[in-house]
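Participant: quick one, fold the following:
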Amino acid sequence: MRRLLVLFLLAVAAVGAFVFFELPQRRSADRERVAAARLFAFDPRTIDAITVQRADATLRFELTGAHWTMAAPVNDDAEAAAVAPIVSSLAEAAVQRDMGSSGDLARYGLAPPAVVVTLFAAGDTAAALELGGFNVDRSALYARRRDGRVLLVPTSINRAVTLPVDDYRSRRVVVFELSIVRAFTIDSRVSGRSVWRRGAGESWFTVLAGDTVRGDSVAVPAVLRRLRGLRVQSFATGIDGAQAPPLVAVTIYKDDGSAQTVRFFTAPGSLHARVDGNPRTVVVADDPSDIARASTATLRDRRLLHFDPLRAERMSVTTPDTSAVLVRAGDAWALPNPALGSIDREMAADFVRALRALRYLRPAASADDPATHPRFSLVIHGAGDTILDELYCAPAPGGGDLWLARSRSLGGVCEIERSALDDIAARLARLRR
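Facilitator: As a prediction, this is how the structure comes out:
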């Protein structure tokens, strides 16, 4: 037994010696081998400028804020997906073979080099590499560092720096961050001018005839997302976009006080765009006519009811065929008298969503007030019998499918399709289990 214990203790000591002494040395040696095999040792996050000298052009990229821009051969926004691989391919490359610092450079395609790529960090050179030809089986590329060593390196470096010049230019028509837009204007030959400003949180509003008009929470930011998502089909030449009357112009005002205007104009067989201050003119891959059609009427919040479902305690509904009262029962809805039956929880949630999504068509031209003789009414009460919102509807003069509607939150009379009210009535009828 004592012998087994001694053997066990010796084994534990051997394992401990390996873990505390041998293993760290091996890991250190492995790190040194990996570091020795790396082509360069720099932090990719520090790179703020790149030059690529090629036979067809010299390219220069500069990091401006969080975006890459192209400074040569043209001034333009850069395509981050094309620029980033230049940095990553050099940062991650391993030396496949060291050919030494002597020999015939012409044999390796390095006299002169096909491409010279240089990375800068705060004005200092972080990495510089001359690229030559491929090896026999084209599995690697000959290159020379500034220390004079001729090396075999991954071909991914060559792919990253030899794209066509236009592939390095941004394919987004206009570059901006949604979060820093505080206002924007639309000037359209189709729908006129509208101005939208960011309110509290993610809300938007405009001012119409001295009144503040709430913007649709989906439609207004959708204009900015649509604009930001427009892509470039090709880069146009010989077209003076500044002289063409724009189909629509959108100006974005940012939190830092700067502004950015993009103008869309027609050209034979295509639509072009130009951003003020940027010399490029681009052929737009998508049709921006939906932006040209956007107006105060289409972007304003056309919801008839504005209430917080969590604050609602009672709803009284009257339709041409029935009436009902719903009361809050905990986190669900119920009938005032349990003897009348129970309410389907999912159907009730769907009914409330339909009420909040109810939208009008347009302000009404009629002077009639549907609240005087309503055929459809809804009153939503909060705690203490406070009225959160109310809606009154009646057929429009002349009949047909149009009804007039007035809600407390809307404040005016508008037109609504009868089918929308019929849908509310049908959902009300399906509430009982």
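Participant: please count neighbours and contacts with C-alpha atoms only from this point.
Facilitator: Fine.
Participant: the strands in the stretch 301-433 of the chain, which residues?
Facilitator: Under the criterion DSSP state E, counting those that start in this stretch, the stretch 301-433 of the chain contains strands at 314-318, 323-329, 332-334, 362-363, 376-381, 387-395, 402-407, 413-417.
Participant: same question for the stretch 151-300 of the chain.
Facilitator: 181-188, 192-198, 204-208, 211-214, 232-236, 248-254, 259-267, 270-275, 281-284.
Participant: the first one: how far from the chain's middle?
Facilitator: Here the centre of mass of C-alpha atoms in strand 181-188, compared against the chain's by C-alpha atoms, centre = their mean, to the nearest Å, lies 18 Å away.
Participant: before we move on, what about the fifth one?
Facilitator: A distance of 21 Å separates the centroid of the chain from that of strand 232-236, by C-alpha atoms, centre = their mean.
Participant: for stretch 140-156, what is the average pLDDT?
Facilitator: Stretch 140-156 shows an average pLDDT of 93 in the prediction.
Participant: tell me how far it is from the chain's mean position?
Facilitator: Distance, centroid of stretch 140-156 to centroid of chain: 39 Å (C-alpha atoms, centre = their mean).
Participant: could you export the host helix or strand of A71 as CSV, CA atoms only?
Facilitator: Per DSSP states H and E, A71 falls inside strand 67-72. The C-alpha trace of strand 67-72 is given here as CSV (Å, rounded to 0.1, in the frame of the first residue of the first chain):
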residue,chain,number,x,y,z
HIS,A,67,-15.2,54.9,-42.9
TRP,A,68,-12.6,54.2,-45.5
THR,A,69,-12.4,56.8,-48.3
MET,A,70,-10.5,56.6,-51.6
ALA,A,71,-8.0,59.5,-52.0
ALA,A,72,-6.5,58.3,-55.3
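Participant: list the buried residues for that strand?
Facilitator: W68, T69, M70, A71, A72 (16 or more other C-alpha atoms under 10 Å).
Participant: give me the helices and strands touching the helix or strand following that strand, please.
Facilitator: Following strand 67-72 in sequence order, the next helix or strand is strand 76-77 (DSSP H and E). For strand 76-77, the packing partners by 3 or more C-alpha pairs under 8 Å, 6 or more residues apart in numbering; DSSP states H and E come out as strand 67-72.
Participant: give the pairing partners of the strand it packs on; include direction for each.
Facilitator: Applying DSSP bridges, strand 67-72 is found paired with strand 58-64 (antiparallel), strand 76-77 (antiparallel).
Participant: TSV for these, including mean pLDDT and distance to S407?
Facilitator: Output for these, formatted as TSV (pLDDT from 0 to 100; distance: least, C-alpha to C-alpha, whole Å):
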stretch	mean pLDDT	distance to S407
strand 58-64	95	50
strand 76-77	89	48
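Participant: among those strands, which is the most enclosed?
Facilitator: Comparing these by mean neighbour count (mean count of other C-alpha atoms under 10 Å), strand 76-77 ranks first with a mean of 21.
Participant: neighbouring contacts of it?
Facilitator: H67, W68, T69, M70, R169, S170, V175, N278, P279, R280 (C-alpha atoms under 8 Å, 6 or more residues apart in numbering).
Participant: over to stretch 50-64?
Facilitator: Stretch 50-64 has contacts (C-alpha under 8 Å, 6+ apart) with 48-49, 68-73, 78, 83, 114-120, 161, 165.
Participant: same thing but at 6 Å, please
Facilitator: Here stretch 50-64 makes contact (C-alpha atoms under 6 Å, 6 or more residues apart in numbering) with 48-49, 68-73, 115-119.
Participant: check contacts around F376.
Facilitator: Going by C-alpha under 6 Å, 6+ apart, F376 touches T318, T319, Y392, C393.
Participant: what is the burial count for the first one?
Facilitator: Other residues within reach of T318 by the criterion other C-alpha atoms under 10 Å amount to 18.
Participant: which pLDDT value goes with it?
Facilitator: 94.
Participant: and the gap between it and Y392?
Facilitator: Distance of T318 to Y392, computed by C-alpha to C-alpha, to the nearest Å: 10 Å.
Participant: where do the contact lists of those two overlap?
Facilitator: Common contact partners of T318 and Y392 (C-alpha under 6 Å, 6+ apart): F376, S377.
Participant: now the closest residue to S156 other than its chain neighbours. Its backbone dihedrals?
Facilitator: Closest residue to S156 apart from its sequence neighbours, by C-alpha to C-alpha, 6 or more residues apart in numbering: S89 at 6.3 Å. Backbone torsions of S89, given as degrees, to the nearest 10, read phi -70, psi -40.
Participant: surely S89 meets N158?
Facilitator: No. S89 is beyond contact range of N158, at 9.0 Å (criterion: C-alpha atoms under 6 Å).
Participant: show me what contacts D389?
Facilitator: I380, R408.
Participant: tell me the spacing between it and R430.
Facilitator: 23 Å.
Participant: run through the bridge partners of T125.
Facilitator: Bridge pairing for T125 - DSSP bridges - gives F120.
Participant: burial measure for it, as a count.
Facilitator: Neighbour tally, T125, other C-alpha under 10 Å: 13.
Participant: how much space between it and V116?
Facilitator: Taking C-alpha to C-alpha, one finds T125 at 13 Å from V116.
Participant: cool, and L141?
Facilitator: 13 Å.
Participant: before we move on, what about E177?
Facilitator: E177 is 34 Å from V116, by C-alpha to C-alpha.
Participant: who has more neighbours out of the two?
Facilitator: Looking at E177 and V116 with other C-alpha under 10 Å, you find the greater number of neighbours at V116, namely 21 against 10.
Participant: format the CA atom coordinates belonging to the one helix or strand the more buried one maps to as CSV.
Facilitator: In this assignment (DSSP H and E), V116 forms part of strand 115-121. The C-alpha trace of strand 115-121 is given here as CSV (Å, rounded to 0.1, in the frame of the first residue of the first chain):
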residue,chain,number,x,y,z
VAL,A,115,2.5,45.7,-57.0
VAL,A,116,3.8,47.6,-54.0
VAL,A,117,1.5,47.8,-51.0
THR,A,118,2.2,49.9,-47.9
LEU,A,119,0.2,50.2,-44.7
PHE,A,120,0.5,53.2,-42.4
ALA,A,121,-0.4,53.8,-38.8
